[in-house]
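Engineer: This is the structure alone, sequence omitted:
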Ligand code: S5P
């Protein structure tokens, strides 16, 4: 795993995890839990309070994780008790008013549950040490919301990856974590503090002890009627209110307004042919994806006309360049050469094979031009190597660069983070593949079963007898599957 540097913190993430481990905050063995089951890992992060240096470092990591997406908060509240000192450190260092939630309301005097000064509408960040099911975070969220505070975000030191993030997402809370159990295991293994067998035992335990959403809702709310699983999917318009990236917001608002989650992959070799089909189906799509390096008569005039069409029909332009070199090289490829991609493409794709430097390189060029990029986290082709740890690393890189990364090319739902859009190619109504390893699924299966956000369709439309009617069919099919998810 790459060494992560958090600029304002004195420690790297690896050093932080190592310190937490060294002071006994994470233990490996065989521990009986409250529920009676035995766990190969035990977390006791209360111990952190005995190490003031570590405590302030943990607080700083929490703050940076919460702020990474550029969010702002008017107050902070720790989940009692372990997170109280952590919230205090954040409040003191960043001059942010703090609130305290009482576990039980006072029997006398004011009977307040939330102590501290606040107004309805104040935006509160909830801080917690560990999230397992999400239920203790929700107790604090519910108490704050009951007082009229706005709570959309919670930050934890460690996500045990047992379903808490899904649960909180379901309750309209974005969970930010400094690290996940998988990352802790990777770091400790890398530092030689854990053997491979322990790592795999813990991984298996986590996998086998994941909570389902209905279980989590029961644990959080108790009441049987809450077991009715509410929709896990936000509508496009609802999601806009939960995301901060301007391009994500713009894309979702186009999808909402035009009732489409279809991206046309305009893989044609003549600029005239591309402009002609795009003008015809522009009303049916939210994005048009190009491969400009296959256009035989490419010119800047062509891309200018494409930009005009994007304004006429209100779609975003997505150049599927799939960068894959060191940061310095991709910068030249992005802004220079004959294509000058950064001048006209709202979004570009990149592989993450080179590591996060490729994204940082592109970002230096694209950020000031309000551009975004999409990481190829998984591929549709037979035998793809973009899977498992590679895909997980792509998700991590996305989270670390959310000012520029707006989503993934993928074949599954990789994160519940509303800012990150899932875009899935290999979508077709009528065939199961091609002679070169492309594999297809249907639009409804992509949206409904894979929980992807956008279907990318090329030949399914381009080679149809009536491409316009076919684009309408894909639009309808994809949008209908989205509506089904909402109901
Ligand atoms: O995994 C992938 C990633 C991409 S971006 N599989 C893909 O097929 N693509 C692209 O999506 C591919 O380069 C092509 O432009 C489009 C799929 O085209 P179709 O004709 O098979 O629908």
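Structural biologist: Cool, got the structure. Not measured: the values here are computed from a predicted model.
Engineer: so how far is residue 358 from the residue of the stretch 101-250 of the chain found nearest the ligand?
Structural biologist: When scored by CB to the nearest ligand atom, the stretch 101-250 of the chain has residue 247 as its residue closest to the ligand, at 17.6 Å. Every residue, glycine included, has its C-beta placed from N, CA and C. Here residue 247 is placed at a distance of 19 Å from residue 358 (CB to CB, to the nearest Å).
Engineer: just residue 186 next, same as before
Structural biologist: Taken as CB to CB, the span from residue 186 to residue 358 is 21 Å.
Engineer: cool, and residue 398?
Structural biologist: Taken as CB to CB, the span from residue 398 to residue 358 is 12 Å.
Engineer: same question, residue 333
Structural biologist: From residue 333 to residue 358 the distance is 10 Å (CB to CB).
Engineer: what do you get for residue 189?
Structural biologist: Counting by CB to CB, the gap from residue 189 to residue 358 is 26 Å.
Engineer: For residue 275, give me its contacts.
Structural biologist: Contacts for residue 275 were tallied using CB atoms under 8 Å, 6 or more residues apart in numbering; they are 302, 305, 306, 309.
Engineer: So what's the residue count around the second one?
Structural biologist: Burial measure for residue 305: 17 neighbouring residues, criterion other CB atoms under 10 Å.
Engineer: same deal with the last one?
Structural biologist: Each residue near residue 309 was counted by other CB under 10 Å, and the total is 18.
Engineer: And the host helix or strand of it, what's buried?
Structural biologist: Assigning secondary structure by DSSP states H and E places residue 309 in helix 300-313. Going by neighbour count (16 or more other CB atoms under 10 Å), the buried part of helix 300-313 is 302, 303, 305, 306, 309, 310, 313.
Engineer: Check which element follows that helix along the chain.
Structural biologist: Following helix 300-313 toward the C-terminus (DSSP H and E): strand 316-323.
Engineer: Next one: that following strand, is it in contact with the ligand?
Structural biologist: Yes - against the ligand, strand 316-323 shows contacts by CB under 6 Å from any ligand atom at residue 320.
Engineer: List of residues touching that strand?
Structural biologist: Contacts of strand 316-323 (CB under 8 Å, 6+ apart): 247, 250-251, 254, 263, 265, 286-293, 306-307, 310, 330, 333-334, 339, 341, 344-351, 358, 362, 374, 376.
Engineer: Just the buried ones out of these, please.
Structural biologist: Buried among the contacts of strand 316-323 (16+ other CB under 10 Å): 247, 250-251, 254, 263, 265, 286-292, 306, 310, 330, 333-334, 339, 341, 344-351, 358, 362, 374, 376.
Engineer: distance between the host helix or strand of residue 469 and the chain's centre?
Structural biologist: Assigned by DSSP H and E, residue 469 belongs to helix 467-486. Distance of helix 467-486 from the chain centroid (CA atoms, centre = their mean, to the nearest Å) equals 24 Å.
Engineer: tell me which residues in it are buried?
Structural biologist: For helix 467-486, burial by neighbour count (16+ other CB under 10 Å) applies to 467, 470, 471, 472, 473, 474, 475, 477, 478, 479, 481, 482.
Engineer: residues in contact with the last one?
Structural biologist: Spelled out, it's residue 482. Taking CB under 8 Å, 6+ apart as the test, what residue 482 contacts is 233, 261, 447.
Engineer: switch to 6 Å and redo it
Structural biologist: Applying CB atoms under 6 Å, 6 or more residues apart in numbering to residue 482 gives the contacts 261, 447.
Engineer: From the ligand, how far off is it?
Structural biologist: 19 Å (CB to the nearest ligand atom, to the nearest Å).
Engineer: ok, now the fourth one?
Structural biologist: The spacing between residue 472 and the ligand, counted by CB to the nearest ligand atom, is 17 Å.
Engineer: before we move on, what about the fifth one?
Structural biologist: When CB to the nearest ligand atom is applied, the distance between residue 473 and the ligand equals 14 Å.
Engineer: Let me know how buried the closest residue to that residue other than its chain neighbours is, in neighbour terms.
Structural biologist: Spatial nearest neighbour of residue 473, excluding adjacent residues (CB to CB, 6 or more residues apart in numbering): residue 429 at 7.0 Å. Neighbour count of residue 429, defined by other CB under 10 Å: 16.
Engineer: Check this protein and tell me which residue is nearest its centre.
Structural biologist: Nearest to the mean C-alpha position of the chain, counting by CA atoms, centre = their mean, stands residue 417 at 3.4 Å.
Engineer: for that residue, helix, strand, or coil?
Structural biologist: For residue 417, the secondary structure call by DSSP: H, G, I helix; E, B strand; the rest coil comes out as coil.
Engineer: Next: residue 456.
Structural biologist: strand.
Engineer: wait, isn't it in contact with residue 262?
Structural biologist: No - contact between residue 456 and residue 262 fails when scored by CB atoms under 6 Å: they sit 8.4 Å apart.
Engineer: Neighbour count: these two, which is higher?
Structural biologist: Neighbours per residue (other CB under 10 Å) separate residue 456 from residue 262, with residue 262 holding more: 28 against 22.
Engineer: quick one, what contacts that one?
Structural biologist: With CB under 6 Å, 6+ apart, residue 262 has these contacts: 285, 455, 474, 475, 478.
Engineer: where are the low-confidence patches of the stretch 151-300 of the chain?
Structural biologist: Scanning the stretch 151-300 of the chain with the threshold set as pLDDT under 70 gives 212-232.
Engineer: what do you get if the cut-off is 90, keeping everything else the same?
Structural biologist: For the stretch 151-300 of the chain, residues meeting the criterion pLDDT under 90 lie at 161-172, 204-234, 241-244.
Engineer: Backbone dihedrals for the closest residue to the residue of the stretch 101-250 of the chain closest to the ligand other than its chain neighbours, please?
Structural biologist: Excluding its sequence neighbours, the residue lying closest to residue 247 (CB to CB, 6+ apart) is residue 372, at 4.2 Å. Main-chain dihedrals, residue 372, degrees, to the nearest 10: phi -140, psi 170.
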